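**Student:** Provided below are the primary sequence and the corresponding predicted coordinates.
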Amino acid sequence: MATSPTQKPPVAIVCVGMAGSGKTTFMQRINAHLHTKHQSSPSNTAPPYVLNLDPAVRSVPFDSNIDIRDSVNYKEVMKQYNLGPNGGILTSLNLFSTKIDQVLGILEKRCLPKEQPAASSQATIPPYILVDTPGQIEVFVWSASGSILLSSFASTFPTVLAYIIDTPRSTENTSTFMSNMLYAISILYKTKLPMILVFNKTDVKDESEAVDWMRDFESFQAALRKDEENEMAGGEGSSGYMGSLLNSMSLVLEEFYNALSVVGVSSMTGEGVEGFFEAVEEKRAEFEKEYRPELERRVQEAEKQKEELRQKEVRRMMQDMDVSSKAKGTGKYAKGKGMEKEEPLTVSDAEEEEDELSGLVDPDDEDEDAEETGRETFDDGLKARYEQALNDSSGGVGSAANYIRSSQR
Ligand SMILES: Nc1nc2c(ncn2[C@@H]2O[C@H](COP(=O)(O)OP(=O)(O)OP(=O)(O)O)[C@@H](O)[C@H]2O)c(=O)[nH]1
């Protein structure tokens, strides 16, 4: 049995963008494109796996394999918790993210390559996982649940962000364009995932102007000057401090632009979709080369911290046991173990001491000594068992607590 070499794990494409930028239409377009590809060649490609994470959407124009609306009722959440629309979306996402282990379980089962006979070349796993997100981009990108969902995807699949931009609106003037780019940069640094800028709605206005502004500093300068003149003539534009701010920012952003793939797409006509999937494949390679090692380093760091915490717990427990032994007068603080010999207080004590020296021992005293030794052995045994329980456990404190609980039953 061998794994078919053609079966790569799917790339998770997470679509984010400002409200109305065309995320859902774009999702519908790329979903349709992959389904058409599957129908024309069923043995080479499987259909995509689709997730809808927008709890507030009324209807989605594509079939989702996993839909947040099946698990969380957004309207009910708003009513129950007395929330507004954004709070409702955030709470719905929080509730959904508590089930992320189950979602990942399903995704792993359906989307990860399985062992299959080498002879079989049939593509059985989806080539892509498509994820639609809520229109309120900040609710997803800046919330704890958004981070949990994204990092969970990225820990299992190569994950790429598709940042959808409304091209006609975004290239209206230089300040709108710059605001959009700054938003993209903040998401890139927040999520630390490879990103593709998708200039959408190219049937209305093509992406060439935006790409020029990004790649050619002179061209952005020219656009800025035009905006200044426009503002002086009473129109909308950017002059004065705004102009010089935009000027300096365009210089600073050069580095950021270089890290991005840029594509122009019309979700209406389907133009540019092939180019988008080429960019996704580039980003898959980038994810494996740059992001995967960084992710693994972070996982190792977290494991190391967990181990250190566990070791600290073991030491603390051992110290606690020493203290309790001291309180009982057993263990290393027991009689005859490094403690100063006490003066006899009474005549009978002195006689007992003499008897000990002469080898005459009272049978009752023998019992006491045996009891003492027994207690020491018990303490040592208990220590060893605590140590064993803590060492065996991977959950540290929790497992020690379980051990204590079970030993009390
Ligand atoms: N001309 C044109 N219109 C588009 C294109 N893509 C989307 N639209 C239109 O843009 C509007 C918003 O599209 P949606 O897909 O609902 O945008 P969205 O980002 O999912 O919106 P929210 O989920 O509300 O944030 C709709 O009227 C679409 O028909 C495109 O490529 N060309």
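**Tutor:** Thanks, I have it.

**Student:** which parts of the protein sit against the ligand?
**Tutor:** For the chain, the residues in contact with the ligand (CB under 6 Å from any ligand atom) are 17, 19-25, 135, 200-201, 203-204, 266-268. For glycine as for every other residue, the C-beta is placed from the backbone atoms N, C-alpha and C.

**Student:** Show me the one in those residues that has more neighbours than the rest.
**Tutor:** Within the residues of the chain next to the ligand, neighbour counts (other CB atoms under 10 Å) peak at residue 200, which reaches 28 neighbours.

**Student:** I'd say that one and residue 269 touch.
**Tutor:** No - in this structure residue 200 lies outside contact range of residue 269 using CB atoms under 8 Å: 11.2 Å.

**Student:** Give me the secondary structure label for the residue of the stretch 101-250 of the chain found nearest the ligand.
**Tutor:** Going by CB to the nearest ligand atom, the ligand is nearest to residue 135 of the stretch 101-250 of the chain, at 2.4 Å. Each residue gets one of three states, and residue 135 gets coil by DSSP: H, G, I helix; E, B strand; the rest coil.

**Student:** center of the protein, which residue is that?
**Tutor:** residue 151 (2.0 Å; CA atoms, centre = their mean).

**Student:** Am I right that that one is in a helix?
**Tutor:** Yes - under three-state DSSP, residue 151 falls within a helix.

**Student:** need the contact list for it.
**Tutor:** If you count contacts by CB atoms under 8 Å, 6 or more residues apart in numbering, residue 151 has none.

**Student:** before we move on, the earlier item: so which of the residues of the chain next to the ligand belong to strands?
**Tutor:** Mapping these onto strands (DSSP state E) picks out 17, 200.

**Student:** which ones among the residues of the chain next to the ligand are found in helices?
**Tutor:** Of the residues of the chain next to the ligand, the ones assigned to helices by DSSP state H are 23-25.

**Student:** With pLDDT as added columns, please give the residues you listed in CSV.
**Tutor:** Output for those, formatted as CSV (pLDDT from 0 to 100):
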residue, pLDDT
23, 91
24, 90
25, 93
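
**Student:** which one of those is nearest residue 165?
**Tutor:** residue 23 (10.6 Å; CB to CB).

**Student:** who's in contact with that closest one?
**Tutor:** Per CB under 8 Å, 6+ apart, neighbours of residue 23: 15-17, 132-133, 135, 164.

**Student:** quick one: which of those is nearest residue 320?
**Tutor:** Using CB to CB, the contacts of residue 23 come closest to residue 320 at residue 133, 48.6 Å.

**Student:** Wait, the closest one touches residue 18, no?
**Tutor:** No - at 11.5 Å, residue 133 does not count as touching residue 18 under the criterion of CB under 8 Å.

**Student:** quick one, which of these two is more surrounded?
**Tutor:** Taking other CB under 10 Å, residue 133 and residue 18 do not tie; residue 133 has more neighbours (26 against 20).

**Student:** Give me the phi and psi for the more buried one.
**Tutor:** phi -120, psi 170 (degrees, to the nearest 10).

**Student:** How about it: what's its closest non-neighbour residue?
**Tutor:** residue 140 (4.6 Å; CB to CB, 6 or more residues apart in numbering).

**Student:** Check the model's average confidence along whichever strand or helix holds that neighbour for me.
**Tutor:** Assigned by DSSP states H and E, residue 140 belongs to helix 137-141. Averaged across helix 137-141, pLDDT comes to 84.

**Student:** go on, stretch 33-47?
**Tutor:** 88.

**Student:** list the buried ones in it?
**Tutor:** Within stretch 33-47, the residues scored as buried using 16 or more other CB atoms under 10 Å are 33-34, 37-38, 45-47.

**Student:** so how far is it off the chain centroid?
**Tutor:** 31 Å (CA atoms, centre = their mean, to the nearest Å).

**Student:** Now do that stretch: distance from first to last residue.
**Tutor:** 10 Å (CA to CA, to the nearest Å).

**Student:** Quick check: which element contains residue 15?
**Tutor:** Assigned by DSSP H and E, residue 15 belongs to strand 11-17.

**Student:** Parallel or antiparallel, which strands does that strand pair with?
**Tutor:** Using DSSP bridges, the strands paired with strand 11-17 are strand 128-132 (parallel), strand 159-166 (parallel).

**Student:** average model confidence for the longest one?
**Tutor:** What it means is strand 159-166. 95.

**Student:** and what of stretch 257-271?
**Tutor:** Stretch 257-271 comes out at a mean pLDDT of 90.

**Student:** what does stretch 86-96 give?
**Tutor:** pLDDT averaged over stretch 86-96 gives 92.

**Student:** Kindly report the same for stretch 107-127.
**Tutor:** 73.

**Student:** Which parts of the protein belong to which domain?
**Tutor:** Per automatic domain parsing, the domain ranges recorded for the chain read 11-302, 329-408.

**Student:** Out of those domains, flag the one nearest residue 313.
**Tutor:** Nearest to residue 313, of these and by CB to CB, is domain 329-408 at 5.5 Å.

**Student:** Kindly reformat the strands paired with strand 11-17 as a markdown table containing mean neighbour count.
**Tutor:** A markdown table is the format used below for the strands paired with strand 11-17 (neighbours: other CB atoms under 10 Å):
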| stretch | mean neighbour count |
| --- | --- |
| strand 128-132 | 25 |
| strand 159-166 | 25 |
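
**Student:** so how far is residue 317 from residue 193?
**Tutor:** 41 Å (CB to CB, to the nearest Å).

**Student:** Which one's more surrounded, these two?
**Tutor:** More neighbours surround residue 193 than the other of residue 193 and residue 317, with 21 against 18 (other CB under 10 Å).

**Student:** for that one, helix, strand, or coil?
**Tutor:** Per three-state DSSP, residue 193 ends up coil.
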